[in-house]
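S.K.: okay, here's the prediction I keep looking at, along with the sequence it came from:
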Amino acid sequence: MDLSLRGSLSRRGFMQKSLGAMALAGLPAWYAQELIAAQQEQAAEKPPEGVKMGAIGIGSPQSRGRAIYNDARRQKAQYVAACDVDARHLKNALGMMEKDGFKGAKGYEDFRELLDRKDIDAVTIATPDHWHALVAIDALKKGKDVYCEKPLTLTIEEAYALEKVAKETGKVFQTGSQQRSDARFRLACELVRNGRIGKVQSIEARIGRNPQKTCKVAPVPEGLNWDLWLGPTPKVDYIPERCHYEFRWWYDYSGGKMTDWGAHHIDIAQWALGRDGSGPVKIEAEADAPPKDDHSYNCHPRFKVSYTYDDGVVLHAMSDGENGILFKGDKGDIFVSRGTIRASDENLLKEPLPSSATRLEVSNNHMGNFFECLKTRKAPICNVSVGASSVVVCLLGVAALRLGKTLHWDPKAKKFEEPEAQEMVSRPTRAPWKLEV
């Protein structure tokens with residue numbers, strides 16, 4: 001067989017297989033063809049060689065820290081260090097790095113010691129949320145590029161402080177809200193932006209319920225530096241469910257589903273509305289009350305937060321419904337999730353966008369986009385300003401839930417009208433930790 005013909009058949013088979021897979025995911029043929037072309041173009045680009053990385057918050061084998069590490073490793077990162085306050089996780093991580101060929105990678109309990117190393121170019125941060133800002137700011141000030149897991153910060157004050165430092169240092173910063181690098185979400189946003197569903201009336205960001213559980217105090221496990229894990233948050237007794245993955249359901253360390261899944265779906269709603277750098281003007285919340293004792297998860301179990309924008313569009317962040325985002329317009333609806341995209345009328349998806357349409361930045365690999373920007377020094381698709389803008393909207397909802405009242409926000413002045421809400425923009429920190437910009 002002629003080799004050139006065999007190559008053509010191979011490419012044709014790849015195209016057919018890829019188009020079939022994308023059709024199963026709900027992507028229309030015209031968009032799938034665009035996507036394949038973009039993927040082939042990006043595949044020809046090589047990631048930068050020899051980027052020396054440190055992993056801060058490497059976690060257990062099932063953690064986001066490990067997933068981020070593997071994503072960076074596939075981009076040819078050279079890991080030279082790892083940091084974790086749990087000695088068991090750190091030991092396992094160093095063994096993994098050794099197995100992956102990163103011989104001599106050093107382990108640290110204190111992130112500051114890792115960041116003091118002059119040979120580290122960039123870091124991945126996958127600590128609990130209450131540590132994101134302090135670690136990322138220290139990394140930026142010490143000359144590191146940063147990939148930080150979502151949600152970007154625990155407080156509104158931290159979001160703007162981190163954005164300020166990132167801009168001042170000029171370092172590359174990617175927020176780990178990876179749905180901006182998912183073709184389904186990009187398509188949904190482009191269709192909404194270009195009026196395919198008509199005038200947007202409302203959006204439902206369905207982000208799931210917060211779990212409920214009453215927990216017990218236990219001895220601190222050997223090898224876990226509980227005081228350092230708590231860091232800037234109040235000193236409390238060790239409860240296993242406060243730590244590691246379950247920290248998400250305590251307002252001391254997270255915003256519950258509002259920042260866990262909200263950092264993904266609210267971020268996409270902002271993208272679709274063209275509201276990066278802006279936000280709503282009114283926030284209303286209704287929810288089931290959480291337990292008030294110190295030994296129970298305290299994030300609101302069932303909730304609905306309604307954000308009203310200055311043009312009348314209402315975004316509902318809600319615990320009920322199929323996980324995903326539903327865009328409702330006066331000409332139809334579009335639903336998108338990590339598994340599918342579908343519309344009230346299939347023609348809303350099937351009809352290609354015209355050449356004059358507004359198109360959004362294309363990224364089909366979130367970590368790949370970060371590494372590309374390490375080479376070009378351009379801003380990544382979910383740069384610090386995008387991450388800050390989206391987490392602020394999430395945290396506005398957390399404030400409304402916790403105060404149990406309607407709030408009013410000025411996106412330009414970046415402040416609440418209500419004094420009690422304005423007090424929640426920041427939180428006290430436990431010495432010696434403090435937010436420094």
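M.R.: Everything's here; your move. Residues are numbered from 1 along each chain as shown.

S.K.: give me the phi and psi for T214.
M.R.: Phi and psi for T214, reported as degrees, to the nearest 10, are phi -100, psi 130.

S.K.: pLDDT score assigned to the spatially closest residue to it that is not a sequence neighbour?
M.R.: Nearest residue to T214, sequence neighbours excluded (Cβ to Cβ, 6 or more residues apart in numbering): S296, at 4.6 Å. For every residue, glycine as well, the C-beta is placed using N, CA and C. pLDDT recorded at S296 is 97.

S.K.: also Q75?
M.R.: 95.

S.K.: the residue nearest to T214: how many residues sit nearby?
M.R.: S296 has 16 neighbouring residues, counting by other Cβ atoms under 10 Å.

S.K.: what of the one 5 residues further on?
M.R.: Neighbourhood size, P301 [other Cβ under 10 Å]: 18.

S.K.: that one is in contact with K257, isn't it?
M.R.: No. Contact between P301 and K257 fails when scored by Cβ atoms under 8 Å: they sit 9.6 Å apart.

S.K.: what do the two both touch?
M.R.: Listed as contacting both P301 and K257 by Cβ atoms under 8 Å, 6 or more residues apart in numbering are 209-210, 319.

S.K.: separation between M318 and Y297?
M.R.: 19 Å (Cβ to Cβ, to the nearest Å).

S.K.: all strands for the stretch 301-437 of the chain, in order.
M.R.: Using DSSP state E, counting those that start in this stretch, the strands of the stretch 301-437 of the chain run over 303-308, 314-318, 324-329, 332-336, 341-343, 407-410, 415-416.

S.K.: tell me which of the ones you listed lies nearest to L27.
M.R.: strand 341-343 (6.7 Å; Cβ to Cβ).

S.K.: remind me which residues of the stretch 251-400 of the chain are low pLDDT?
M.R.: Within the stretch 251-400 of the chain, no stretch has pLDDT under 70.

S.K.: what about the helices in it?
M.R.: Taking DSSP state H, counting those that start in this stretch to define them, one finds helices in the stretch 251-400 of the chain at 257-260, 262-273, 347-350, 366-376, 384-403.

S.K.: again with the stretch 101-250 of the chain
M.R.: Going by DSSP H, counting those that start in this stretch, the stretch 101-250 of the chain shows helices at 111-115, 132-141, 156-169, 183-193, 226-230.

S.K.: mind putting those helices into JSON lines with mean neighbour count, distance to E423 and mean pLDDT?
M.R.: JSON lines is the format used below for those (neighbours: other Cβ atoms under 10 Å; distance: least, Cβ to Cβ, whole Å; pLDDT from 0 to 100):
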{"stretch": "helix 111-115", "mean neighbour count": "19", "distance to E423": "29", "mean pLDDT": "98"}
{"stretch": "helix 132-141", "mean neighbour count": "24", "distance to E423": "18", "mean pLDDT": "98"}
{"stretch": "helix 156-169", "mean neighbour count": "21", "distance to E423": "11", "mean pLDDT": "98"}
{"stretch": "helix 183-193", "mean neighbour count": "23", "distance to E423": "34", "mean pLDDT": "98"}
{"stretch": "helix 226-230", "mean neighbour count": "17", "distance to E423": "22", "mean pLDDT": "98"}
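
S.K.: kindly reformat those as TSV and extend each row with distance to V384.
M.R.: Shown next, in TSV, are the helices of the stretch 101-250 of the chain (distance: least, Cβ to Cβ, whole Å):
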stretch	distance to V384
helix 111-115	17
helix 132-141	9
helix 156-169	4
helix 183-193	20
helix 226-230	25
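
S.K.: closest to Q78 out of these?
M.R.: It is, among those and with distance given as Cβ to Cβ, helix 111-115, at 14.7 Å.

S.K.: hmm, V192 is touching L326, no?
M.R.: No. The pair V192 / L326 is not scored as a contact, 11.1 Å apart, by Cβ under 8 Å.

S.K.: shared neighbours, these two?
M.R.: I334.

S.K.: domain parsing for this protein?
M.R.: 3-43, 181-355+384-425 (automatic domain parsing).
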